[in-house]
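**Student:** Provide a 3D model corresponding to the input given below.
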Amino acid sequence: MSVTDIAAADLADSVRTVRETEPLVQHLTNTVTINDVANLTLHWGGLPVMADSFGDAGEMATAARAVVINIGQVPDGRVEAMHEAGRTANERGIPVVLDPVGVGSTPSRDAVAESLLSEVEFAAIKGNYGEISALAGVEAEVKGVESIGDYEGIERTARSVAESTGAIVVASGVEDVVADADGAVRVAAGHEMLGEVVGTGCMLGATVGTFCGALEEAHEAAVHGALAFGLAGERAAELEYAGPGSYRTNFRDAVYGVTGDAVAERSLEDRIERAL
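**Tutor:** Now for the predicted structure:
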């Protein structure tokens, strides 16, 4: 079955698999969103662990089902721990997900991303349009950790990063783009309020990592993870909220409510569109 022919039953099966598998997902992430990342992993049905110091990072990776490396902050010692966890995961054949937060904004972040990509094999890379464009070496405008500007060719850009890294690439934006070396699809799901909450990009990276830890195929994990995330964003907007704070709470509750039975009742027609 083509990825564009996704049915509610397919996504429901993936959601059930995540909850039944309860994958241990190791995060080496930033302190700004660490609590949200941990909770979202748990709400999907995974087991989060935030082991990010050298020594402990490698040891924990021996037990994890997936490792998520987020470069939102890179204090002394963290980069070495990222490499250690990534290498250990590669040796064990477990998926590693890179979230290159803020790449393209400073030479230091660029260097961290380059070093990781040169030494660690990633199953998936999740970044916003600007970050993925920066990884591809094309013009991008990243201010701090935010993507600014228009990216009309993002599908081809994401595919080029997939070709050069061998990873499945998730470029997050108004519509998420999921690409591999053969092409790209657009995922039509989500809500504008997700952009008003700090950390939703990191939470999407955690979602992709959690799905990768439970499903056999990284491409399926990326597409289904992005779609489930977007559907939760829509559900959060259907609940009463006064602004970003209450929407954030709604969103976490909505993720918790994305069960197999709930997904099976949804219509997913036209949610996935072939872009390349």
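**Student:** which secondary structure elements does the longest helix along the chain contact?
**Tutor:** With DSSP state H setting the assignment, residue counts place helix 218-238 as the longest helix in the chain. Applying 3 or more CB pairs under 8 Å, 6 or more residues apart in numbering; DSSP states H and E, one finds that helix 218-238 contacts helix 8-21, strand 124-128, strand 168-172, strand 176-180, strand 183-187, helix 200-214, helix 244-256. Yep, even glycine has a C-beta here, placed from its N, CA and C like the rest.
**Student:** in TSV, list these along with distance to Asp110.
**Tutor:** Written out in TSV, the entries for the helices and strands packed on helix 218-238 read as follows (distance: least, CB to CB, whole Å):
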stretch	distance to Asp110
helix 8-21	33
strand 124-128	13
strand 168-172	17
strand 176-180	21
strand 183-187	24
helix 200-214	18
helix 244-256	30
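**Student:** so which of the ones you listed gets nearest Ala264?
**Tutor:** Shortest separation from Ala264 across the helices and strands packed on helix 218-238 is recorded for helix 8-21, at 4.1 Å, computed as CB to CB.
**Student:** tell me what the next helix or strand after that closest one is packed against?
**Tutor:** Along the chain past helix 8-21, the next helix or strand (assigned with DSSP states H and E) turns out to be strand 24-28. Contact here means 3+ CB pairs under 8 Å, 6+ apart; on that basis strand 24-28 packs against helix 34-44, strand 47-49, helix 56-61, strand 66-70, helix 78-92, helix 200-214.
**Student:** let's have the ones you listed in CSV, adding mean neighbour count, mean pLDDT and distance to Ala9.
**Tutor:** Output for these, formatted as CSV (neighbours: other CB atoms under 10 Å; pLDDT from 0 to 100; distance: least, CB to CB, whole Å):
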stretch, mean neighbour count, mean pLDDT, distance to Ala9
helix 34-44, 22, 98, 19
strand 47-49, 20, 98, 26
helix 56-61, 20, 98, 34
strand 66-70, 30, 98, 24
helix 78-92, 20, 97, 31
helix 200-214, 29, 98, 17
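**Student:** so which of those comes closest to Val263?
**Tutor:** Proximity to Val263 (CB to CB) singles out helix 34-44 among these, at 12.2 Å.
**Student:** and the angle for that closest one with helix 200-214?
**Tutor:** Comparing the axes of helix 34-44 and helix 200-214 via axes from the mean of the first three to the mean of the last three CA atoms, to 10 degrees yields an angle of 40 degrees.
**Student:** so what touches helix 34-44?
**Tutor:** Residues outside helix 34-44 that contact it (CB atoms under 8 Å, 6 or more residues apart in numbering): 15, 18-19, 25, 27, 29, 47-48, 50, 68, 70, 199, 202-203, 205-207, 209-211, 228, 252, 255-256, 258.
**Student:** and the nearest residue to Arg271 once chain neighbours are set aside, how many neighbours?
**Tutor:** In space, and not counting its chain neighbours, Arg271 is closest to Ala188: 5.3 Å by CB to CB, 6 or more residues apart in numbering. Ala188 sits with 15 neighbouring residues when counted by other CB atoms under 10 Å.
**Student:** related to what we said a few turns ago, turn the helices and strands packed on strand 24-28 into TSV, including distance to Glu234.
**Tutor:** Conversion of these to TSV gives the following (distance: least, CB to CB, whole Å):
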stretch	distance to Glu234
helix 34-44	16
strand 47-49	24
helix 56-61	34
strand 66-70	24
helix 78-92	33
helix 200-214	13
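**Student:** out of the ones you listed, which is closest to Ala124?
**Tutor:** With respect to Ala124, and counting by CB to CB, the nearest of the helices and strands packed on strand 24-28 is helix 200-214 at 5.4 Å.
**Student:** how far away from the center of its chain is the closest one?
**Tutor:** Here the centre of mass of C-alpha atoms in helix 200-214, compared against the chain's by CA atoms, centre = their mean, to the nearest Å, lies 4 Å away.
**Student:** elements contacting that helix?
**Tutor:** Applying 3+ CB pairs under 8 Å, 6+ apart, one finds that helix 200-214 makes contact with helix 8-21, strand 24-28, helix 34-44, strand 66-70, strand 96-99, strand 124-128, strand 168-172, helix 218-238.
**Student:** that'll do, ta.
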